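# Build the 3D model from these lines:
(2 chains)
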Amino acid sequence: MTNKAGRFGSHGGQYIPETLMNAVIELEKAYDHYKRDPQFQAELTELLNEYAGRPSRLYYAAKVTADLGGAKVYLKREDLNHTGAHKINNVLGQALLAKKMGKTRLIAETGAGQHGVATATAAALMGMECVVFMGEEDTKRQALNVYRMRLLGAEVVPITTGTGTLKDACSAAFREWTNRISDTHYCLGSVMGPHPFPTIVRDFQSVISQEIKSQLLEKEGKLPDAVIACVGGGSNAIGAFYHFIDEPSVRLIGCEAAGRGVDTAETAATIATGRPGIFHGMKSYFCQDQYGQIAPVYSISAGLDYPGIGPEHAYLHDIGRAEYVPVTDDEAVTAFEYLSRMEGIIPAIESAHALAYARKLAPTMEKDQIIVVNISGRGDKDCAAIARYRGEDIHE
Amino acid sequence: MSNIAKAFAGGKAFIPFITCGDPDLETTAKVVRAMAESGADLIELGIPFSDPTAEGPVIQAANVRALSAGTTTDKIFDMVRNLRRDVTVPMVFMTYANVVFSYGSQRFISTCADIGIDGLILPDIPYEEKDEFDPICKRYGLDLISLVAPTSEDRIATVAREAGGFIYVVSSLGVTGVRSEITTDIGAMVKLIRANSKLPCAVGFGISTPEQAKKMAALSDGAIVGSAIVKLIAQYGRNAVPYVADYVKAMKDAVRQA
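Reported below is the predicted structural model:
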């Protein structure tokens, strides 16, 4: 008997310790039940709309469009959500589900801190305990978010093992979950990990593409020609892609963090430089050495600084449905500054990776074509780091 | 009788674990010989992994030391090949799925068979994913060891029925590491296993003292100890051999009395 649940082609699966198996089985059962429960869906919609501020705007970036001189550029403004990023979509769903399951404590990993802040926020709202694991390196890069999480009542645990970044925070969260399961839900922040997480997180994020589709039909009467999103684990990207996967005319483009370049060791571009592997509960592509040791990846963006990619993206890559392109630190920082000056919108450095590619693509397209760029988060959190990148030493 | 079954044929088994290459492979080879001479019935050889998600701080640190020292899967294979010239005690590899998968599962497992490794313990391969490696293990005569945990409950019967070699009973929630007490009802878990399998079962996670080993072995067919040994190696480094030998002797004596 082989359980092929949670497979995306050869990717996905449940590569986790036996200790956690009943927990993920229980989660899968609960999710299958509640996703069909109209009351659960009504409660979630209420939270998304009244608390998180959905639907997020689809903004026509007229100045960017004129400047690039090609396709029309629309921005999906996930940065306008409560807590400042797309992460809240998934967190409200999982926290509500956890609450229904009788869990009283949420644990989470975080890279840039956006998922940690969103989890701490949902925990505060729902009266749950919250512990967030964050690489020590990232607690330095994102000190403001550490304070936000503490302000919201969460405990932040800095992780010093490994590279002290997102993958280590994720390992720490898995370890903590094996230690305390009965009252604890691991609120995983991306479309990764063991089944059913990649499916649950995708479903909760798919509201992004659902809205893009209806908003663009209303504004333009047609589908976009391309949807562009940044990819670390890939939750905002899968959310932006999902309702277009069966629309072959829509190009789906995921932008990976190339760091200092895919020809250097300081990169986090998994599709460009990784190969198939098994890690953090899933089979997918991973940056690794010849013996399968996970590579110490690098990106200026703490949120994309992860050596793997969600299994559904790995599958979309395999079948050629989505394209994955590397974007360097330098290109992302330039795009970060560009959007700030051009439209008065400061994007997260993660989202700036997607915008950087849009800047290359738009001029190659016709004026009646449309690109949607998912601005997955806002960039306030990144200002100090970008200033440092440009040689200005500012203190928060 | 498989080599692993032989480990349990002479009474309660004591099963020590070490991380290969910590602090270097020469020391590992000496420690393995010393453990075999001191009464170890089966030896778990850990192949270090960059991100060992089932390990506590002690074995995590050993993995870092081993990898920093340049330990690789191929060098460990060479070490085992040399050991097998004179060491007959059953040996299994304990590592993570990616170490095997990335090497090429067929190539990894056939090499294991070739150098005299008797089984594999992969803590991130639960029952649902065992088809990734089990058919290849069977083809080459290796046992893929199944684990059952305090949370397994209704899964124990299913896991036990299809297990090979021995059954690894995870004593506690959480990751590997020394614990002052083990509160799980091990007796109940073992009873469920025995109702569904004739294989021996050994208890691991959290055991460090002779008293704990004796107690756990009394409830099962053996005791597995990792972190306590790795701690000795962390403390004494290249001079750890006699300390590990003394420790294994004491633990084997305790298990014998169970």
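
# burial count for residue 165?
Let's take chain A. 25 (other CB atoms under 10 Å in any protein chain shown). Using the backbone N, CA and C atoms, a C-beta is placed for each residue, glycine as well.

# wrong chain, I was asking about chain B
By other CB under 10 Å, the residues close to B:G165 number 26.

# in chain B, what residue is nearest chain A?
Residue of chain B nearest chain A, by CB to the nearest CB: B:S102 (2.8 Å).

# and A:D368, what is it in contact with?
Residues in contact with A:D368 (CB atoms under 8 Å, 6 or more residues apart in numbering or on different chains) are A:K72.

# Give me the nearest residue to A:T104, chain neighbours excluded.
A:D183 (5.0 Å; CB to CB, 6 or more residues apart in numbering or on different chains).

# wait, isn't that neighbour in contact with A:K103?
Yes: if you go by CB atoms under 8 Å, A:D183 and A:K103 touch, sitting 6.0 Å apart.

# ok, and what's touching stretch A:289-296?
The contact list for stretch A:289-296, computed with CB under 8 Å, 6+ apart, reads A:162-163, A:167, A:265, A:277, A:279, A:286-288, A:307, B:49-51, B:67, B:72-74, B:98-103.

# Give me the ChimeraX select line for the residues you listed, limited to the buried ones.
In ChimeraX syntax, the buried subset of the contacts of stretch A:289-296 is picked out as below (16 or more other CB atoms under 10 Å in any protein chain shown):
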select /A:162,163,167,277,279,286,287,288,307 /B:49,50,51,67,72,73,98,99,100,101,102,103
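
# The contacts of stretch A:289-296 in strands, which ones?
Cross-referencing the contacts of stretch A:289-296 against strands under DSSP state E gives A:277, A:279, A:286.

# Can you tell me the centre-most residue of the chain?
Defaulting to chain A. A:S235 (3.7 Å; CA atoms, centre = their mean).

# Chain B was what I was after
Using CA atoms, centre = their mean, the most central residue of chain B is B:E44, at 3.5 Å.

# ok, for it, nearest residue in space, not its chain neighbours?
Nearest one to B:E44, counting by CB to CB, 6+ apart, is B:F17 at 3.9 Å.

# what packs against the helix or strand containing that neighbour?
In this structure, B:F17 sits in strand B:13-19 according to DSSP states H and E. For strand B:13-19, the contact count by 3 or more CB pairs under 8 Å, 6 or more residues apart in numbering or on different chains; DSSP states H and E identifies helix B:25-37, strand B:43-46, helix B:57-68, strand B:201-204, helix B:210-219, strand B:222-225, helix B:227-236, helix B:241-256 as packing neighbours.

# between these, which gets nearest to B:R107?
strand B:43-46 (18.1 Å; CB to CB).

# who's in contact with the most far-flung residue of chain B relative to its centre?
Distance from the C-alpha centroid of chain B peaks at B:D154, with 24.4 Å (CA atoms, centre = their mean). Residues in contact with B:D154 (CB under 8 Å, 6+ apart) are A:N22.

# same check, this time on the one 3 residues further on
Applying CB under 8 Å, 6+ apart to B:A157 gives the contacts B:192, B:195-196.

# what pLDDT does residue 149 get?
If you meant another chain, say so; for now it's chain A. On the pLDDT scale, A:M149 is placed at 98.

# that's the wrong chain, I wanted chain B
The model's pLDDT for B:A149 equals 97.

# Run a quick neighbour tally on it.
27.

# ok, now B:R65?
20.

# any idea how far A:V201 is from the closest residue to it other than its chain neighbours?
If the residues on either side of it in the chain are set aside, B:R65 comes closest to B:D22, at 4.8 Å by CB to CB, 6+ apart. From B:D22 across to A:V201, the span is 37 Å (CB to CB, to the nearest Å).

# What of B:P200?
Taking CB to CB as the measure, B:P200 falls 41 Å from A:V201.

# These two: which has the busier surroundings?
A:V201 (30 against 21).

# who are the neighbours in contact with the more buried one?
So A:V201 contacts A:90, A:94, A:188-192, A:235, A:238 (CB under 8 Å, 6+ apart).

# which residues of chain A score low on pLDDT?
For chain A, residues meeting the criterion pLDDT under 70 lie at A:1-4, A:395-396.

# pretty sure B:L147 is in a strand, no?
Yes: judged by DSSP: H, G, I helix; E, B strand; the rest coil, B:L147 forms part of a strand.

# Name the nearest residue to the residue in chain A positioned nearest to chain B, sequence neighbours excluded.
Among all residues of chain A, A:G292 sits closest to chain B, at 2.8 Å; criterion: CB to the nearest CB. In space, and not counting its chain neighbours, A:G292 is closest to B:S102: 2.8 Å by CB to CB, 6+ apart.

# Now for the one you found: which residues touch it?
For B:S102, the contact set (CB under 8 Å, 6+ apart) comprises A:275, A:277, A:288, A:290-292.

# Apply 10 Å and report the result again.
If you count contacts by CB atoms under 10 Å, 6 or more residues apart in numbering or on different chains, B:S102 has them with A:275-279, A:286, A:288-294, B:73, B:96, B:108.

# Kindly report the same for A:I200.
So A:I200 contacts A:27-28, A:30-31, A:35, A:90, A:93-94, A:97, A:188, A:191, A:193 (CB under 10 Å, 6+ apart).

# Could you verify my assumption that B:F8 touches B:A223?
No: here B:F8 does not reach B:A223: they are 11.8 Å apart, not a contact under CB atoms under 10 Å.

# Of those two, which one has the most company?
B:A223 (30 against 22).

# and the contacts of A:V201 as CSV, adding distance to chain B?
What follows is the contacts of A:V201, written out as CSV (distance: CB to the nearest CB, whole Å):
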residue, distance to chain B
A:N90, 22
A:Q94, 20
A:L188, 14
A:G189, 17
A:S190, 16
A:V191, 19
A:M192, 13
A:S235, 21
A:I238, 23
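
# Tabulate those (JSON lines), appending secondary structure.
Below are those laid out as JSON lines (three-state DSSP):
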{"residue": "A:N90", "secondary structure": "helix"}
{"residue": "A:Q94", "secondary structure": "helix"}
{"residue": "A:L188", "secondary structure": "coil"}
{"residue": "A:G189", "secondary structure": "coil"}
{"residue": "A:S190", "secondary structure": "coil"}
{"residue": "A:V191", "secondary structure": "coil"}
{"residue": "A:M192", "secondary structure": "coil"}
{"residue": "A:S235", "secondary structure": "helix"}
{"residue": "A:I238", "secondary structure": "helix"}
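
# farthest pair in these?
Checking the contacts of A:V201 with CB to CB, the most distant pair is A:Q94 and A:I238, at 15.2 Å.

# quick one on the thing from earlier: can you give me the neighbour number for the residue nearest to B:E44?
B:F17 sits with 25 neighbouring residues when counted by other CB under 10 Å.

# ok, and what's touching the host helix or strand of B:P135?
Using DSSP H and E, B:P135 maps to helix B:134-139. For helix B:134-139, contacts defined as CB under 10 Å, 6+ apart pick out B:100, B:105-110, B:112-113, B:119-120, B:125, B:127, B:130, B:142-146, B:162, B:164-165.

# for whichever helix or strand comes after that helix, packing partners?
Sequence-wise, the next helix or strand downstream of helix B:134-139 (DSSP H and E) is strand B:143-144. Under the contact criterion of 3 or more CB pairs under 10 Å, 6 or more residues apart in numbering or on different chains; DSSP states H and E, strand B:143-144 touches helix B:3-9, strand B:119-121, helix B:134-139.

# nearest to B:D246, of the ones you listed?
helix B:3-9 (21.3 Å).

# what pLDDT, on average, does that closest one get?
93.

# do stretch B:226-246 as well
98.

# Quick check: end-to-end length of it?
Counting by CA to CA, to the nearest Å, you get 15 Å between the two ends of stretch B:226-246.

# How far does it sit from its chain's centre?
On the basis of CA atoms, centre = their mean, to the nearest Å, stretch B:226-246 sits 16 Å off its chain's mean C-alpha point.

# Could you give me the buried positions within it?
The neighbour-count check on stretch B:226-246 (16+ other CB under 10 Å) flags B:226-234, B:240-241, B:243-245 as buried.
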